[in-house]
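> Pasted the sequence and its predicted model underneath.
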Amino acid sequence: MHQNGAPVPTIHADAPPGAGDLLRAYRAGAFFLSTPDGVLLAGNLGAPLTTVAAARVALTRGATVVGAIPFDPAAPARLAVAGTVRRAAPWHRRAGRGTPLAARSWTWRDADPDVFRDAVTTALSRMDGTGLRKVVLSRVRELTASQPVDERDLLTALADRDPFGYIFAAPLDGRTLLGASPELLVSRRGTVVLANPLAGSAPRDRDPVRDGRNATALLSSAKDRREHELVVTAVADGLSPLCRRVAVPAPELLPTRTMWHLSTRITAEVPDDVSAIELATALHPTPAVCGDPTPDARVLIDELEPFDRGFYTGIAGWTDATGDGDWVVAIRCGEVAGSSLRVYAGAGIVPGSTPDAELAETAAKFRTFLSALGIEEDG
Ligand SMILES: C=C(O[C@@H]1C=C(C(=O)O)C=C[C@H]1O)C(=O)O
């Protein structure tokens with residue numbers, strides 16, 4: 001069905017499917033997003049839209065746009081008009097032990113950890129006496145499996161382990177971006193906007209006493225509170241020109257299966273003509289994944305990271321013709337192509353950071369994805 005030349009998505013509204021049904025219906029090439037509020041599966045995607053401007057045109061023609069935007073907002077996006085959209089109620093399963101991917105053997109290659117430690121040291125030295133307050137530095141791990149990775153099984157393993165996270169799959173060229181992000185960049189439902197920046201992290205611990213101690217230490221860490229505050233200020237400032245009543249409560253702790261984070265749920269009211277993708281692109285990239293000031297941090301990331309982030313620390317999500325939508329930060333994620341995987345993890349560097357602690361933080365963050373693959377080690 002077409003209206004003004006753009007395909008109108010088929011909404012399957014009868015007999016509401018469950019989250020599990022949509023997971024089972026997922027096939028490589030589709031777009032999938034599970035949030036604490038519901039699940040969306042978009043299929044029969046149209047030709048790639050590589051710019052937000054092209055997405056805007058499709059939205060005005062009544063389409064639902066889904067996909068991913070890379071870390072570098074000027075690089076080509078991988079958005080598309082959804083031919084079909086199915087929605088389901090949220091994934092209500094309790095986090096179980098989480099069945100990892102069926103047994104496979106893996107080989108992997110990491111950059112020398114000293115490359116990361118040296119980058120942290122250089123970043124800290126650049127903060128001395130300059131205006132640079134924060135930069136997020138990351139690592140990549142390249143894995144090869146003994147047999148091709150079944151994307152649906154991997155998505156299921158991620159959802160099963162973090163049912164209250166943002167579980168996503170977005171097709172790229174010849175590969176799929178897949179992850180279990182804890183971070184909502186922005187969502188819009190009618191006039192109601194929610195942004196939930198995270199920054200400041202500590203690992204979970206199997207021992208409940210040590211786990212509680214890690215959480216309390218994070219909440220009272222001046223260094224982590226400062227790191228968090230920079231992100232919250234940037235997000236609130238980014239929303240203010242577009243929204244009314246931007247409300248910023250005190251930070252709280254957000255647990256995932258592998259990490260504790262400082263989290264702030266910023267709410268706002270938005271006029272009808274500002275869509276979720278407009279809000280998302282006004283905010284991206286926040287200092288949660290780039291730094292502060294943004295342009296200086298971006299230059300330093302280019303200089304110090306020995307790889308191109310691509311869609312890691314980009315955003316993934318959807319916006320429909322009413323302007324509603326969800327956009328999540330593409331972290332705790334990897335790119336899958338057959339039996340090859342690239343997995344990423346980063347950490348915010350601020351004065352007071354140390355190379356060893358930041359390396360340990362990236363190792364803990366790798367675990368979200370690696371444990372879903374059935375790899376349990378130090379990262
Ligand atoms: C960059 C990542 O995570 C980001 C960095 C955080 C931090 O430095 O404390 C916390 C959450 C995310 O905003 C990642 O997971 O790769």
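Nice, thanks for sending it over. Numbers count the residues shown, from 1 in each chain.
> ranges for the strands of the stretch 251-379 of the chain?
Residue ranges of the strands in the stretch 251-379 of the chain, as given by DSSP state E, counting those that start in this stretch, are 252-255, 259-263, 266-269, 291-292, 315-319, 325-329, 333-337, 340-349.
> List the buried residues in the third one.
The reference is to strand 266-269. Buried residues in strand 266-269, counted by 16 or more other CB atoms under 10 Å: 266, 267, 268. All C-beta atoms are positioned from the backbone trio N, CA, C, and that covers glycine.
> What is the nearest of those residues to residue 346?
The closest of these to residue 346 turns out to be residue 266 (CB to CB; 21.8 Å).
> Skip the chain neighbours and tell me the closest residue to that closest one.
Nearest in space to residue 266, with sequence neighbours left out and distances taken as CB to CB, 6 or more residues apart in numbering, is residue 195 at 4.5 Å.
> mind listing what that neighbour touches?
184, 185, 186, 187, 235, 239, 265, 266, 268, 279, 283 (CB atoms under 8 Å, 6 or more residues apart in numbering).
> mind running it again at 7 Å?
Shown in contact with residue 195 (CB atoms under 7 Å, 6 or more residues apart in numbering): 184, 185, 186, 235, 239, 266, 283.
> swap in residue 375?
With CB under 7 Å, 6+ apart, residue 375 has these contacts: residue 106.
> Determine the longest strand present in this structure.
Looking across the chain with DSSP state E, the single longest strand is strand 134-145.
> Next, the angle from it to strand 340-349.
Put simply, strand 134-145 runs at 160 degrees to strand 340-349, going by axes from the mean of the first three to the mean of the last three CA atoms, to 10 degrees.
> so, in contact with the ligand or not, strand 134-145?
Yes - for strand 134-145, a contact with the ligand is found by CB under 6 Å from any ligand atom, at 136, 138.
> Then stretch 337-355?
Yes - residues of stretch 337-355 are located near the ligand by CB under 6 Å from any ligand atom, namely 344, 345, 346, 347, 348.
> need these in CSV with neighbour count, can you?
CSV is the format used below for those (neighbours: other CB atoms under 10 Å):
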residue, neighbour count
344, 25
345, 24
346, 25
347, 23
348, 28
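> Of the buried residues of strand 266-269, just say which sits nearest to the ligand.
Distances from the ligand to the buried residues of strand 266-269, taken as CB to the nearest ligand atom, are shortest for residue 266 (14.1 Å).
> Could I get the contacting residues of the closest one?
Contacts of residue 266 (CB under 7 Å, 6+ apart): 195, 232, 235, 236, 239, 246, 247, 248.
> Which residues of this structure lie near the ligand?
136, 138, 183, 198-201, 261, 288-289, 313, 331-332, 344-348, 365.
> Pull out the buried residues from these.
136, 138, 183, 198-201, 261, 288-289, 313, 331-332, 344-348, 365.
> Closest to residue 91 out of the buried residues of strand 266-269?
For the buried residues of strand 266-269, the nearest to residue 91 is residue 267 (23.4 Å; CB to CB).
> Mind listing the residues bridging to the closest one?
Note on residue 267: beta-bridge partners by DSSP bridges are residue 194, residue 247.
> tell me the contacts of it?
Contacts of residue 267 (CB under 7 Å, 6+ apart): 193, 194, 247.
> Need the pLDDT of it.
On the pLDDT scale, residue 267 is placed at 98.
> One more: the one 4 residues further on?
As predicted, residue 271 sits at a pLDDT of 89.
> What backbone torsions are found at it?
phi -70, psi 160 (degrees, to the nearest 10).
> circling back to that earlier point, need the buried residues of strand 266-269 in JSON lines (columns: distance to residue 353).
Shown next, in JSON lines, are the buried residues of strand 266-269 (distance: CB to CB, whole Å):
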{"residue": "266", "distance to residue 353": "25"}
{"residue": "267", "distance to residue 353": "30"}
{"residue": "268", "distance to residue 353": "31"}
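> nearest to residue 336, of those?
residue 266 (32.3 Å).
> among the contacts of residue 266, which ones are buried?
195, 232, 235, 236, 239, 246, 248.
> Count the neighbours of residue 284 for me.
22 (other CB atoms under 10 Å).
> pull the helix or strand with minimum mean pLDDT from this protein.
Least confident helix or strand, the chain: strand 2-3 with a mean of 40, by mean pLDDT, DSSP states H and E.
> sorry, back to before: the buried ones among the contacts of residue 266 into a markdown table, with extra columns for distance to residue 40 and pLDDT?
Shown next, in a markdown table, are the buried ones among the contacts of residue 266 (distance: CB to CB, whole Å; pLDDT from 0 to 100):
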| residue | distance to residue 40 | pLDDT |
| --- | --- | --- |
| 195 | 19 | 98 |
| 232 | 27 | 98 |
| 235 | 23 | 98 |
| 236 | 27 | 98 |
| 239 | 23 | 98 |
| 246 | 26 | 98 |
| 248 | 28 | 98 |
